[in-house]
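S.K.: compute the structure for the input listed below.
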Amino acid sequence: MRILIVDDDAGIRKTTSLAVELIGHKAESATSGARALKALEESPCEVCFLDLNLGPENGLDVLDKLLKAQPGIAVVMFTAFANISTAVDAMRRGAFDFIPKPFTPEQIRQVLEKIERTRKLEQRVRQLETQISEVSCEFDFASAEPAMQRAVQIVFKAAATPATILLLGPSGTGKSQLAREIHLRGAQRDGPFVVVNCPSLSRELLESELFGHVKGSFTGAVGDTMGKVAAASGGTLFLDEIGELPLEIQPKLLRLLQEREYERVGEAKVRRANVRVIAATNRNLADELKSGRFREDLFYRLNVINVTLPALRERPLDLMKLANDALRACARRLGKRVTGFSPEVRDAFVGYAWPGNLRELHNVIERAVILSPGEKIALEDLPEEFSRHAGAGAVQVGARVTLEALENEHIRRVVAATSNLEEAARTLGIDPATLYRKRQKMLRAQRTPNNDIG
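M.R.: Have a look, this model is predicted:
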């Protein structure tokens, strides 16, 4: 690293330079803030050792100027007047670390190693973020379906407020991804997004994970833990599958939502929480209330803003767009030149019920991209149930089926091949309201066993 040493004491500059160079870095020196700024202008540095008492200059003022001139530089403050308040002030204003005079070469080595470790971690985080953005199946919340449009419109309006939001709907419909998008659109978007999976742990461990615990509060509590509520401070706490939250923990969550207060397990001290809460569940909370498995007061506190995400089978206008988005993302991640679907695959997708929703869609497409030898996904690249469904459920002209079944199949295929409801209605020669009623009837029939529309 190139390291700048800013001190009006020639002896300090010389000994620090020697210590830096013995470690293997390159040292540059400056006697004042102005010369330090000029040195950075000529050639950026990774690290700067800066004296707090720089002759007539205040080192903290010089710190501000250095960070403004080169925001990424790690500034370590030197001072002969070491005290906590000065250290806190320096760190608050952007200093990386603080070393009191007199110091040893070992202290210089340790702080430089700390900077290098931090830089490597930051670089790794940037790499991972880049990889995630490049290879993940991205969720586009734009929809041609009225039910999905309404749901997204409501939560995005509420995102800018601190209101608690409850996301309902079957598993795999994108509730977690929507929760993250709400966080990114909120006032605390720069804070953390912390996820708690409510059914993943026992009651005791879940309470500890949520609120934290103190050493010795239960068997295995060998140290203090701050908990997810504290970890989410200044950001968003996402409670996934809130419908499975143990009844014993529900009063404590209610207190968190109402009073913004909580206590760690084994501790009487009341702590304040600064979190925005988003919850999600695939359960019918009305049934949970009737059975006594969910508190009524907690439900109403969570239910400030609620939306239901429709199942994928209820979003036929979005199906092929979502499939194509997933195909592009998976092909890019896997390094495969797969660009589309065969007509048979499109028909199979349209006729399939998608019990696993978006999660199943992404998994099916990832599998197909891995197995596909060509540029188009073929029917044989899909799991067996798609082939069986395509063979058994497809309605052909002239087959021994009712006119209603033939009409339903034709509507399904036209809707899948067009980009919106109006275009599909024009193709079919009916008005959009009629098409909407027919699709609703088809969806109701699809939920009923032993029907003839696939």
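
S.K.: what is the neighbour count of residue 293?
M.R.: Each residue near residue 293 was counted by other Cβ atoms under 10 Å, and the total is 16. Heads up, the C-betas are built off the backbone N, CA and C, glycines and all.

S.K.: tell me who's in contact with it.
M.R.: residue 247 (Cβ atoms under 8 Å, 6 or more residues apart in numbering).

S.K.: which SS class is it?
M.R.: Under the three-state scheme (DSSP: H, G, I helix; E, B strand; the rest coil), residue 293 adopts coil.

S.K.: where does pLDDT dip in this structure?
M.R.: 81-84, 126-139, 388-401, 416-417, 419, 445-454 (pLDDT under 70).

S.K.: let's check: the centremost residue of it is which one?
M.R.: residue 180 (4.6 Å; Cα atoms, centre = their mean).

S.K.: beta partners for the nearest residue to that residue once chain neighbours are set aside?
M.R.: Excluding the flanking residues, the one nearest residue 180 by Cβ to Cβ, 6 or more residues apart in numbering is residue 193, at 5.9 Å. Residues in a beta bridge with residue 193, per DSSP bridges, are residue 236.

S.K.: identify the residues contacting residue 193.
M.R.: Residue 193 neighbours (Cβ under 8 Å, 6+ apart): 180, 183, 232, 235-236, 238.

S.K.: for those, which one is nearest residue 42?
M.R.: Taking Cβ to Cβ as the measure, residue 42 lies nearest residue 235 of those, at 40.2 Å.

S.K.: what about that closest one, distance to residue 167?
M.R.: The gap separating residue 235 from residue 167 is 17 Å, by Cβ to Cβ, to the nearest Å.

S.K.: the stretch 351-454 of the chain: helices as residue ranges?
M.R.: Ranges of helices in the stretch 351-454 of the chain, per DSSP state H, counting those that start in this stretch, are 357-371, 384-393, 403-417, 421-428, 432-446.

S.K.: contacting residues around the residue lying closest to residue 283 once chain neighbours are set aside?
M.R.: Spatial nearest neighbour of residue 283, chain neighbours left out: residue 243 (3.3 Å); criterion: Cβ to Cβ, 6+ apart. Residues in contact with residue 243 (Cβ under 8 Å, 6+ apart) are 198, 281-283, 285, 288, 294.

S.K.: helices - which of the residues you listed land there?
M.R.: With DSSP state H as the criterion, helices contain 285, 288 from among those.

S.K.: which one of the contacts of residue 243 sits closest to residue 354?
M.R.: Using Cβ to Cβ, those come closest to residue 354 at residue 282, 14.6 Å.

S.K.: was I right to think the closest one contacts residue 167?
M.R.: No: between residue 282 and residue 167 there is no contact under Cβ atoms under 8 Å: 9.8 Å.

S.K.: who's more crowded, the two?
M.R.: Remark: of residue 282 and residue 167, residue 167 carries more neighbours, 26 against 18, as counted by other Cβ under 10 Å.

S.K.: is it fair to say that one lies in a strand?
M.R.: Yes: under three-state DSSP, residue 167 falls within a strand.

S.K.: so how far is residue 213 from it?
M.R.: 29 Å.

S.K.: which SSE is residue 257 in?
M.R.: Residue 257 is part of helix 250-259, with elements assigned from DSSP states H and E.

S.K.: just the CA atoms of that helix, as CSV, please.
M.R.: The C-alpha trace of helix 250-259 is given here as CSV (Å, rounded to 0.1, in the frame of the first residue of the first chain):
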residue,chain,number,x,y,z
GLN,A,250,-46.6,-13.6,20.6
PRO,A,251,-47.1,-11.2,23.6
LYS,A,252,-43.5,-10.1,23.4
LEU,A,253,-43.8,-9.4,19.7
LEU,A,254,-47.0,-7.4,20.4
ARG,A,255,-45.0,-5.3,22.9
LEU,A,256,-42.3,-4.8,20.3
LEU,A,257,-44.8,-3.6,17.8
GLN,A,258,-46.9,-1.4,20.2
GLU,A,259,-44.3,0.0,22.5
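
S.K.: quick check: buried residues in it?
M.R.: Of all the residues in helix 250-259, those buried under the rule 16 or more other Cβ atoms under 10 Å are 250, 252-257.

S.K.: that'll do, ta.
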